[in-house]
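Student: model this:
(one chain, ligands or ions: 1)
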Amino acid sequence: MYIFWTILILLLVAGLWITIQVNRPLYKGPISNHFNGKHFYYKERSHSIGKMLKWAWEMKTVKWPKWISDRPQPKPEESVRQGDIKVTYINHGTILIQLDGLNILTDPTWSKRAGPLGIIGPKRVRLPGVKIEDLPEIDIILISHDHYDHLDLKTLRVLYQKHKPQILVGLGVNSLKQCQFSNVRELDWWQDYLVTSTSTKITFVPARHYSGRTMVGNNRTLWGGFVIEGNDEKIYYCGDSGYDKFLNEIKDRFGKFRLTILPLGNYEKRWYMKTQHMNPEEAVLVHMLLESSQSLGYHYATFNEHPEQAIDAHEKDLEVALEKYKIPKTDFWVLEFGEGRYLPPIQKASSTSSQGSS
Ligand SMILES: [Zn+2]
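Tutor: Residues are numbered from 1 along each chain as shown. So this is what the prediction gives:
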């Protein structure tokens, strides 16, 4: 009997401790139109645990291959010439953007799993397209939000040790345990960071998504995308997001884009996913709305996350959407893993864009 009561009390204390920890505010600041004093929010509440369970219960998974070996790609250059822009798709949300003599890396993820402790969570089905040791000197890392498939602390520690980059995150992210690097700048939506050496401006912008690294206690850190205003051109990295009106505000504030990097994955079922992930058709609508000269898809076929769609569904669905809106396929790249491409010269890019947007 004594053992029973001891175990019960220990379980209650542990439960209370976990509840306090996962609800502990990670950011203290003024109330705004997306922060209520404790939690961040978009216009709708995150899905309840009940809805999450319904979605999981109804999930009809499609089999993915256990492992895919990609053909090796050339290593990225150390830097690109002024006026050039090069993007290299590494995997999932990890993209190397080279412009203005800067090397910018988004959501770097090299771990085997997207989950806690390296033993839980979706497993990767292919290697990252670039070896971490083959990266050029990284100047800036952009973290769109704290989900495990975007904030991979193990990878971040390796990159931080080697490159000492400036890391840009949303409000509250630097208060996460084990994420306290010295070169981190937390940004609110529409706040910017200026790279003084090159006058490149990077602005954190809204996204229709949510945050959290546990089943409960979500939205204690801010999520978003990034607009990079280079010396010559503007680039938009969307982060994870559903389609919504905030995109009109991005257009109003920044105008046309030379490059938009848009997610193409984890979009089924729509009733559940539409508030978190756009589908390929919506990505094409963003491409058109932002009058983008060139788009690049990402966030697919890396981690076996919740595959209600086949591993290549994003490519097929994108093709259908491009056809529907009469956008040339060349205006929306789906690169191989590790493949890098220079953006085409602006004259050519403008003409293909105007064709596509008509
Ligand atoms: Zn994601």
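Student: going forward, measure contacts between C-alpha atoms and count neighbours the same way
Tutor: Will do.
Student: Point out where the stretch 201-350 of the chain drops to low pLDDT.
Tutor: Residue ranges of the stretch 201-350 of the chain with pLDDT under 70: 347-350.
Student: Quick one: the helices in it, in order.
Tutor: 246-254, 270-273, 280-289, 313-324, 346-357 (DSSP state H, counting those that start in this stretch).
Student: would you turn the ones you listed into a markdown table with distance to residue 146?
Tutor: Output for these, formatted as a markdown table (distance: least, CA to CA, whole Å):
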| stretch | distance to residue 146 |
| --- | --- |
| helix 246-254 | 20 |
| helix 270-273 | 18 |
| helix 280-289 | 22 |
| helix 313-324 | 24 |
| helix 346-357 | 34 |
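Student: Go through these and name the closest to residue 122.
Tutor: Residue 122 sits nearest to helix 270-273 of all those, at 17.6 Å, using CA to CA.
Student: for the closest one, the distance to its chain's centre please.
Tutor: The chain centroid and the centroid of helix 270-273 are separated by 18 Å, computed with CA atoms, centre = their mean, to the nearest Å.
Student: what's the answer for stretch 265-284, then?
Tutor: Centre-to-centre, stretch 265-284 and its host chain are 14 Å apart (CA atoms, centre = their mean).
Student: ok so, going back, the helices of the stretch 201-350 of the chain: which one's closest to residue 170?
Tutor: Short answer: helix 246-254, nearest of those by CA to CA, at 16.7 Å.
Student: Contacts for stretch 256-263, please.
Tutor: The contact list for stretch 256-263 (CA atoms under 8 Å, 6 or more residues apart in numbering) reads 233-241, 277-280, 283, 287, 290-300.
Student: and the residue sitting nearest the centre point of the chain, what is it in contact with?
Tutor: Nearest to the geometric centre of the chain sits residue 239, at 3.3 Å (CA atoms, centre = their mean). Neighbouring residues of residue 239 by CA under 8 Å, 6+ apart: 93, 144, 145, 207, 224, 225, 226, 262, 263.
Student: who does the last one bridge with?
Tutor: Beta-bridge partners of residue 263, counted by DSSP bridges, are residue 298.
Student: Pull the number of nearby residues for it.
Tutor: 27 (other CA atoms under 10 Å).
Student: Likewise for the third one?
Tutor: Using other CA under 10 Å, residue 145 has 26 neighbouring residues.
Student: cool, the fifth one as well?
Tutor: For residue 224, the neighbour count with other CA under 10 Å is 27.
Student: List phi and psi for it.
Tutor: For residue 224, the backbone dihedrals (degrees, to the nearest 10) come out as phi 170, psi -170.
Student: what's the answer for the third one, then?
Tutor: Backbone dihedrals for residue 145, given as degrees, to the nearest 10, come out at phi -170, psi 180.
Student: For it, give me its contacts.
Tutor: Counting by CA under 8 Å, 6+ apart, residue 145 makes contact with 151, 169, 170, 173, 211, 221, 222, 223, 224, 239.
Student: Which helix or strand lies directly C-terminal to the strand or helix carrying residue 158?
Tutor: In this structure, residue 158 sits in helix 153-163 according to DSSP states H and E. Next in sequence after helix 153-163, counting helices and strands by DSSP H and E, comes strand 166-170.
Student: can you list the weak-confidence ranges in the stretch 51-200 of the chain?
Tutor: Scanning the stretch 51-200 of the chain with the threshold set as pLDDT under 70 gives 177-180.
Student: Give me the nearest residue to residue 286, chain neighbours excluded.
Tutor: Using CA to CA, 6 or more residues apart in numbering and skipping residues adjacent in sequence, the residue nearest residue 286 is residue 247, 7.4 Å away.
Student: give me the number of residues near the one you found?
Tutor: Residue 247 sits with 18 neighbouring residues when counted by other CA under 10 Å.
Student: Run through the strands of the protein in chain order.
Tutor: Ranges of strands in the chain, per DSSP state E, are 86-91, 94-99, 102-106, 140-142, 166-170, 184-187, 192-195, 200-205, 225-229, 234-237, 259-263, 294-298, 332-333, 340-342.
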